[in-house]
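Novice: Return atomic coordinates for the entry below.
(one chain, ligands or ions: 2)
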Amino acid sequence: MADCSSIRKFKDAADYRKNFIIQGEIDKYLPGGKHFIDEALIQKCIDEIAMKPADPALVREIIAKSEATCETLKPEETAVLMSAAFVPELFAEMKAAALRIKKKVYDNRIVVFAPLYMSNLCVNGCKYCGFREGNELQKRRVLTMDELKEELDVLAGRIGHKRLIAVYGEHQTTSTEYIAETIETCYARQVPAPRTGHKNGIRRVNVNAAPLPIADLKVLRSVGIGTFQVFQETYNRKLYEEMHPAWSVKGNYDWRTTCFHRCLEAGVDDVGLGVLYGLCDWRFELLATILHARDLERWFNIGPHTLSFPRLEPASGTKVPEESPWLIDDDTFEKIVTIARLSVPYTGIIITARESPNSRNKLIDSGMTQLDCSSNIAIKGYSDFANEAHQEKERQQFMLGDNRSIDEMVRYLASRGTITSFCTAGYRCGRTGGCIMDALKTGREGKFCKINAVLTFREWLDDFASDETRAIGDKLIEKELAAIKDWLPKFYPTVLKQYEATCRGERDLFF
Ligand code: SAM
Ligand code: SF4
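Specialist: Ligands and ions are numbered 1, 2, ... in the order given. Got it, this is the predicted structure:
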């Protein structure tokens, strides 16, 4: 059990709203009251660069820089790419470079995970979200640890997932102590796989929750949190304040924008940034994301482990997702993801099942590295609807667009030569934060990725795949092993030894 003695407790919602935020933990990272999201600079980049024709020679120079250094671009450089993305010939070059960068940094693999919603009690009033306080249509619920185990039995025992993003509303009764207990419960559960009976369990729990104080983050680190994700929703302060009422905790823009600074100070060093695309001008959001990443790099020499690209989806009791003036079409979305891949070349890019299958299929070539599948985002949705892709607006935060099962997804990816990775080795080997940044930028991590992808793919194919998917997967593994032999002839026998052990039924072998 985690030691939660350092965590403050709150007697009710009013007490939580009044006292949760610690002003000193904001001010420290906004020295002199100056915010690193420089809205004037962003607007200047949009007006004077992004909305003006780009010089093709400059575009190619920026692409080459991104590819060669894998360093975060300057906002002015990203703005040039924003303009170039609307010139078909230049966009084709940007896409090709994005794919090359992805291969260098992450190899030809996609990591899969599942969302697991733990609770939908919320003290906030975000206007686009079905969970917001006062939405009478939403059925409220908090998973008990026994219910969580039932969810894990489906996720790990039937679907074969090894990596989760655990998602929480913000509420004084489901604060850090609850989050820590759910993480520990996830790691402890081991379930036999249907085909082989080999035990499978969750090996990495990432968390998407509200911003926390440093003491709370240290507790989450102590129970082995993976990435801590907090989506900024919008970096535009005025719009942020319209969407998040001043009476709510989330209404504090500065508490949210400094959240990752606190994470890195607390030693939670894999941080996941994101914006809710569709709320505001995408150019503003992406440029602000670059400024955010650069500020984290400046303070800690660590940038975002991942960037997420949620798009507004219909949700219960709100019209914002349909009526926002900034909704984005699929073509623009592809441009955004491509520009992001070139602008923060080392980062993981997550595209969730909010997207339609077509949209996600396209984004694989634009630099996406992680996706979820067999997803159910209703609270207790996996165990209640274990055999169907069921959705129910009143039980979930928003509606999903891609209901493909993991078997379908793995087969689709394999048919296009992409290996599905269930690897969770990075953080268990200490390859997080600053340590992984260099490995990613030089392409060293990509090599580990390939080997670990093969080992975990083998496990999943044997334990969970349909015959048809296993047949396609087997062929892909043969190709991948041959590629590893070419790359690392001296190390190959060690890899092969681990691979053969995995075939014999040993589990969780990694480099
Ligand atoms: N409650 C915490 C918070 O807001 O930080 C945890 C995250 S919330 C449960 C997960 C994320 O879902 C939000 O950060 C937001 O970006 C996204 N979200 C909310 N409403 C949405 C909608 N209608 N469509 C798509 N994504 C939505
Ligand atoms: Fe609550 Fe998060 Fe939904 Fe806002 S986005 S209402 S904080 S669950």
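Novice: C-terminal to the helix or strand Ile350 falls within, what's the next element?
Specialist: Secondary structure from DSSP states H and E places Ile350 in strand 348-351. Later in the chain than strand 348-351, the nearest helix or strand by DSSP H and E is helix 357-363.
Novice: does any part of the longest strand along the chain sit near ligand 1?
Specialist: For the chain, the strand with the greatest residue count under DSSP state E is strand 109-119. No: if you take Cβ under 6 Å from any ligand atom as the test, strand 109-119 misses ligand 1, and the best it gets is 7.4 Å. The C-beta positions use only the backbone N, C-alpha and C, and glycine is treated the same way.
Novice: any idea of the mean pLDDT in that strand?
Specialist: Averaging pLDDT along strand 109-119 yields 96.
Novice: Equivalent analysis for stretch 255-267, please.
Specialist: On average, stretch 255-267 scores 98.
Novice: for stretch 292-309, same thing?
Specialist: Averaged across stretch 292-309, the pLDDT comes to 97.
Novice: Use 17 as the first number for this chain going forward.
Specialist: Happy to do that; since the first residue is 17 now, the last one works out to stretch 308-325.
Novice: And it, what's buried?
Specialist: By 16 or more other Cβ atoms under 10 Å, the buried positions in stretch 308-325 come out as 308-313, 316, 318-325.
Novice: and what of stretch 143-155?
Specialist: By neighbour count on 16+ other Cβ under 10 Å, the buried set for stretch 143-155 is Lys143, Tyr144, Cys145, Gly146, Phe147, Arg148, Glu149, Asn151, Gln154.
Novice: Among these, name the ones in strands.
Specialist: Among the buried residues of stretch 143-155, no member lies in strands (by DSSP E).
Novice: could you say what helices and strands the longest strand of the chain packs with?
Specialist: For strand 125-135, the packing partners by 3 or more Cβ pairs under 8 Å, 6 or more residues apart in numbering; DSSP states H and E come out as strand 179-184, helix 192-204, strand 386-388, helix 422-431, strand 435-437, helix 460-480.
Novice: hmm, try it at 6 Å
Specialist: strand 179-184, strand 386-388, strand 435-437 (3 or more Cβ pairs under 6 Å, 6 or more residues apart in numbering; DSSP states H and E).
Novice: what's the most buried one of those?
Specialist: With neighbours defined as mean count of other Cβ atoms under 10 Å, the helices and strands packed on strand 125-135 peak in mean count at strand 435-437, which reaches a mean of 26.
Novice: Close to ligand 2: what parts of the protein are there?
Specialist: Contact residues (Cβ under 6 Å from any ligand atom) of the chain with ligand 2: Cys138, Asn140, Cys142, Cys145, Phe147, Arg148, Gly185, Glu186, Lys266.
Novice: Looking at the helices and strands packed on strand 125-135, which is nearest to ligand 1?
Specialist: Across the helices and strands packed on strand 125-135, the minimum distance to ligand 1, taken as Cβ to the nearest ligand atom, is reached by strand 179-184, at 4.8 Å.
Novice: So in that sheet, which strands flank that closest one, and in what orientation?
Specialist: Strand 179-184 pairs in its sheet with strand 125-135 (parallel), strand 220-224 (parallel), by DSSP bridges.
Novice: returning to what we had before: take the helices and strands packed on strand 125-135 and write them to CSV, including mean pLDDT and distance to Phe526.
Specialist: Shown next, in CSV, are the helices and strands packed on strand 125-135 (pLDDT from 0 to 100; distance: least, Cβ to Cβ, whole Å):
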stretch, mean pLDDT, distance to Phe526
strand 179-184, 98, 13
strand 386-388, 97, 17
strand 435-437, 95, 11
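Novice: Now tabulate these in JSON lines and tack on distance to ligand 1.
Specialist: Listed next are the helices and strands packed on strand 125-135 as JSON lines, based on distance: least, Cβ to the nearest ligand atom, whole Å:
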{"stretch": "strand 179-184", "distance to ligand 1": "5"}
{"stretch": "strand 386-388", "distance to ligand 1": "13"}
{"stretch": "strand 435-437", "distance to ligand 1": "24"}
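Novice: Include distance to Phe527 when you put the ones you listed into JSON lines, please.
Specialist: Formatted as JSON lines, the helices and strands packed on strand 125-135 follow (distance: least, Cβ to Cβ, whole Å):
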{"stretch": "strand 179-184", "distance to Phe527": "17"}
{"stretch": "strand 386-388", "distance to Phe527": "20"}
{"stretch": "strand 435-437", "distance to Phe527": "13"}
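Novice: Most proximal residue of the stretch 317-466 of the chain with respect to ligand 2?
Specialist: Gln413 (6.2 Å).
Novice: where in the chain is pLDDT low?
Specialist: The chain contains residues with pLDDT under 70 at 402-405, 452, 455-456, 459-462.
Novice: Pull the residues that contact stretch 162-172.
Specialist: 130, 177, 198, 201, 205, 207, 216-218, 396, 398-399, 402 (Cβ atoms under 6 Å, 6 or more residues apart in numbering).
Novice: circling back: nearest to Arg357, out of the buried residues of stretch 143-155: which one, please.
Specialist: Closest to Arg357 out of the buried residues of stretch 143-155 is Tyr144 (26.0 Å), distances taken as Cβ to Cβ.
Novice: In this model Gly141 seems to touch Arg148, though I could be wrong.
Specialist: Yes: when contacts are counted by Cβ atoms under 6 Å, Arg148 is listed as touching Gly141 (4.9 Å).
Novice: could you point out which element follows the longest strand of the chain?
Specialist: Toward the C-terminus from strand 125-135 - assigned by DSSP H and E - lies helix 161-170.
Novice: Please identify the buried residues of that next one?
Specialist: Buried, per 16+ other Cβ under 10 Å, within helix 161-170: Glu163, Leu164, Lys165, Glu166, Glu167, Leu168, Asp169, Val170.
Novice: Look at the closest residue to Ser238 other than its chain neighbours and give its secondary structure.
Specialist: Nearest non-adjacent residue to Ser238, counting by Cβ to Cβ, 6 or more residues apart in numbering: Ala18, 5.7 Å away. In three-state terms, and counting by DSSP: H, G, I helix; E, B strand; the rest coil, Ala18 is coil.
Novice: for Ala18, what are its contacts?
Specialist: By Cβ under 6 Å, 6+ apart, the residues touching Ala18 are Ala196, Val235, Ser238, Val239.
Novice: which of those sit farthest apart?
Specialist: Between all members of the contacts of Ala18, the farthest pair (by Cβ to Cβ) comes out as Ala196 and Ser238, at 7.8 Å.
Novice: So which of those two has more stuff around it?
Specialist: Using other Cβ atoms under 10 Å, the more surrounded residue of Ala196 and Ser238 is Ala196, with 23 against 15.
Novice: Name all residues that make contact with that one.
Specialist: Ala18, Val235, Val239 are the contacts of Ala196 under Cβ under 6 Å, 6+ apart.
Novice: Pull up the gap between Cys20 and Asn222, please.
Specialist: Using Cβ to Cβ, to the nearest Å, one obtains 20 Å as the distance from Cys20 to Asn222.
Novice: out of the two, which sits in the busier spot?
Specialist: More neighbours surround Asn222 than the other of Cys20 and Asn222, with 25 against 18 (other Cβ under 10 Å).
Novice: what's across from the more buried one in the sheet?
Specialist: With DSSP bridges as the rule, Asn222 is bridged to Ile181.
Novice: Looking at the backbone only, give me phi and psi for the nearest residue to Asn35 once chain neighbours are set aside.
Specialist: Distance criterion Cβ to Cβ, 6+ apart; nearest residue to Asn35, sequence neighbours excluded, is Phe26 at 6.6 Å. Main-chain torsions, Phe26, degrees, to the nearest 10: phi -130, psi 140.
Novice: any idea how far ligand 2 is from Phe26?
Specialist: Distance of Phe26 to ligand 2, computed by Cβ to the nearest ligand atom, to the nearest Å: 16 Å.
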